[in-house]
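**Q** give me coordinates for this.
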Amino acid sequence: MRLLGSKVKQYRKQKNLSQQELAEGICTQATVSLMEKKNKVPSIKIILQICRRLNISLNDVLSGLGSGMDEQFDDIAGAIRREDYALADDLLGKVNMTNVQNAFDRERYHYYRGFVELGARNRPDEAIFHFNLLLHRAYRMPWDLYAIVGNVGMATAYLNRQELDKARFYLNAAVGYLDDFEWHDEDNFKRLIWARYQIAQMYLKLEQPQLVIDNVEAALRAVKHQGSLYLIDVLYEMKGEAEKALLATTASKRSLTIARTLALVTHNVALQERLTPQVGSTIIAD
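**A** Numbers count the residues shown, from 1 in each chain. Next up, the predicted model:
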């Protein structure tokens, strides 16, 4: 990943902003100067905020974010989000590692390989190996997004091994990154909502329903702010299950009813079938 400082300067000039005006509330004027003159990468969080202020995308000022392998990795990502790990395993097996030349592609490979080792092969030790490589690279770059998903992966692997204290440790680390991370584009938005959903699922297994609700509500705020339906139906299902665990029967029935209503909108047949025995076939208007 390399910052194109001249591009930052170009977009800043187009907005008629001084370095101080661009930096205000985000970083120091000296940081902007280093970005423009020395291609210095302060942190992904700062770059994201700068991009938002300039109304540009990360791709406009960063190089090395992707490669000709983007389409392959996008297909793998989609399969993992649908929990079709057999397909993800098959697609990942077709990735030619000789073409994985930049750091971002290596991070993506280890990220997806970790979840395939868990979902398709039930090999948590192998998953931990790949997530460790991912986290090492993420912290070194740094790349906050992959620090989030790497910690989610580690928590999943340790939960699979029933090492609950370690699972909680990595869950807490993932939540800490999530609370500070600002997504910029659609792909990052979906990864972050998916991460919140995975975290909520694990907290439910760890019998910590209030933490389930905290993460679901954070995800729902982002989904509603974005005007998106992404995972909104299963998020409400997760919220309803956590409320049930807290013996909040009325709230649980309401959340599960909303989940089933949304499942009709999103054509999520599996969710409709799961929820019909609990809330019935009659949809209650909110």
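
**Q** quickly find the element holding residue 167.
**A** helix 164-180 (DSSP states H and E).

**Q** now do that helix: distance to the chain's middle.
**A** 13 Å (C-alpha atoms, centre = their mean, to the nearest Å).

**Q** which residues does residue 125 contact?
**A** Going by C-beta atoms under 8 Å, 6 or more residues apart in numbering, residue 125 touches residue 157. All C-beta spots, glycine's among them, are computed from the backbone N, C-alpha and C.

**Q** against residue 135, how distant is it?
**A** Applying C-beta to C-beta, to the nearest Å, the value for residue 125 to residue 135 is 16 Å.

**Q** and the helix holding residue 167, which residues are buried?
**A** Using 16 or more other C-beta atoms under 10 Å as the test for burial, helix 164-180 gives 166, 167, 168, 170, 171, 173, 174, 175, 177, 178.

**Q** check contacts around the closest residue to residue 9 other than its chain neighbours.
**A** Nearest in space to residue 9, with sequence neighbours left out and distances taken as C-beta to C-beta, 6 or more residues apart in numbering, is residue 36 at 4.4 Å. For residue 36, the contact set (C-beta under 8 Å, 6+ apart) comprises 5, 6, 8, 9, 12, 19.

**Q** please pick the buried ones from the residues you listed.
**A** Neighbour-count burial (16+ other C-beta under 10 Å) applied to the contacts of residue 36 gives 5, 8, 9, 12, 19.

**Q** now, which of those lie within helices?
**A** 5, 8, 9, 12, 19 (DSSP state H).

**Q** tell me how many other residues crowd the closest residue to the last one other than its chain neighbours.
**A** Yep, that's residue 19 we're talking about. Nearest residue to residue 19 in three dimensions, chain neighbours excluded: residue 32, at 4.4 Å (C-beta to C-beta, 6+ apart). For residue 32, the count of nearby residues is 27 (other C-beta atoms under 10 Å).

**Q** touching, residue 32 and residue 21? I think so.
**A** No: assessed by C-beta atoms under 8 Å, residue 32 is found out of contact with residue 21, at 9.5 Å.

**Q** got the domain ranges for this protein?
**A** 2-63, 66-181, 200-286 (automatic domain parsing).

**Q** want to throw these into JSON lines with mean pLDDT and distance to residue 189?
**A** JSON lines is the format used below for the domains of the chain (pLDDT from 0 to 100; distance: least, C-beta to C-beta, whole Å):
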{"stretch": "domain 2-63", "mean pLDDT": "87", "distance to residue 189": "12"}
{"stretch": "domain 66-181", "mean pLDDT": "85", "distance to residue 189": "11"}
{"stretch": "domain 200-286", "mean pLDDT": "91", "distance to residue 189": "6"}
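
**Q** can you list those domains in JSON lines and add distance to residue 190?
**A** Conversion of those to JSON lines gives the following (distance: least, C-beta to C-beta, whole Å):
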{"stretch": "domain 2-63", "distance to residue 190": "15"}
{"stretch": "domain 66-181", "distance to residue 190": "7"}
{"stretch": "domain 200-286", "distance to residue 190": "6"}
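
**Q** nearest to residue 188, out of those domains?
**A** Judged by C-beta to C-beta, the one of the domains of the chain that comes nearest to residue 188 is domain 66-181, at 6.0 Å.

**Q** quick one: distance of that closest one to the chain centre.
**A** How far domain 66-181 lies from its chain's middle: 11 Å, per C-alpha atoms, centre = their mean.

**Q** could you say what helices and strands the helix or strand harbouring residue 214 packs with?
**A** Per DSSP H and E, residue 214 falls inside helix 209-226. Using 3 or more C-beta pairs under 8 Å, 6 or more residues apart in numbering; DSSP states H and E, the elements in contact with helix 209-226 are helix 164-180, helix 186-205, helix 232-245.
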